[in-house]
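>>> Structure for the following, please:
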Amino acid sequence: MMSLILSLLLLQAAPHAMPGEDAVDPYVPSAAHAGTTPFTGDGMARAFHGQEGIQRVVDGMVVRAYADPIISEIFVGHDKVRLSRTLFEQFCYLLNAGCSYSGRDMASAHKDLGVQRKDMNRLVELLQEAMREEKIDFQAQNRFLSKLAPMHHDVVKQ
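Model prediction:
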């Protein structure tokens, strides 16, 4: 009985990888790990065409990043399935589209990746391409990028 209770507590405190994902070191999930607070209201979620549109933006950005000749080396050997899931959760949470974020904090998630400013700038370009493909209004794109921008301090290590 005690081992069952302990197992249940560990499941709550340390999320395991979802099916198809690599195992990760345990951590305690928190909405604060998303890097900033979400938008209020549903305007940004609607601008991104809801969860389905957000998923298409994330999928488009991830496919581009893994194929990009400039930054793809950063992603070699990293779990594409987990990256797609946690980016979707983060974007969906920040856009106030009805999601929770279960990923690690930005500093931990990007530790030892060696991301430089030029890499981050390229990733933003790829995100912009994915948002344009989804026909996200330019003003909504800029509002979202402004929400993400302060996180670069936890991601970029030079």
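>>> which helices and strands sit right next to the host helix or strand of residue 148?
Residue 148 belongs to helix 138-148 when elements are defined using DSSP states H and E. Judged by 3 or more C-beta pairs under 8 Å, 6 or more residues apart in numbering; DSSP states H and E, the packing partners of helix 138-148 are helix 43-47, helix 80-94, helix 117-133. Every C-beta, even on glycine, is put in place using the N, C-alpha and C of the backbone.
>>> Only the buried residues of the shortest one, if you could.
Residues of helix 43-47 classed as buried by neighbour count (16 or more other C-beta atoms under 10 Å): 44, 45, 47.
>>> Identify the residues contacting residue 136.
With contacts defined as C-beta atoms under 8 Å, 6 or more residues apart in numbering, the neighbours of residue 136 are 47, 48, 49, 53, 57, 144.
>>> 7 Å instead?
For residue 136, the contacting residues are 47, 48, by C-beta atoms under 7 Å, 6 or more residues apart in numbering.
>>> Does it belong to a helix, a strand or coil?
With DSSP: H, G, I helix; E, B strand; the rest coil as the basis, residue 136 sits in coil.
>>> any weak-confidence spans in the chain?
Regions of the chain meeting the criterion pLDDT under 70 cover residues 1-30, 105-115, 152-158.
>>> Nearest approach to residue 34 belongs to which of the helices and strands packed on helix 138-148?
When the helices and strands packed on helix 138-148 are compared by C-beta to C-beta, helix 80-94 sits nearest residue 34, at 5.2 Å.
>>> Output that closest one in PDB with nothing but the alpha carbons.
Only the C-alpha atoms of helix 80-94 are listed here, as PDB (Å, rounded to 0.1, in the frame of the first residue of the first chain):
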ATOM      1  CA  LYS A  80      11.300  16.000 -31.400                       C
ATOM      2  CA  VAL A  81       8.100  14.500 -30.000                       C
ATOM      3  CA  ARG A  82       8.600  16.000 -26.600                       C
ATOM      4  CA  LEU A  83       9.700  19.400 -28.100                       C
ATOM      5  CA  SER A  84       6.600  19.600 -30.200                       C
ATOM      6  CA  ARG A  85       4.300  18.700 -27.300                       C
ATOM      7  CA  THR A  86       5.900  21.100 -24.800                       C
ATOM      8  CA  LEU A  87       6.100  23.900 -27.300                       C
ATOM      9  CA  PHE A  88       2.400  23.400 -28.100                       C
ATOM     10  CA  GLU A  89       1.500  23.400 -24.400                       C
ATOM     11  CA  GLN A  90       3.600  26.500 -23.800                       C
ATOM     12  CA  PHE A  91       2.200  28.500 -26.800                       C
ATOM     13  CA  CYS A  92      -1.400  27.300 -26.100                       C
ATOM     14  CA  TYR A  93      -1.000  28.300 -22.400                       C
ATOM     15  CA  LEU A  94       0.500  31.700 -23.200                       C
END
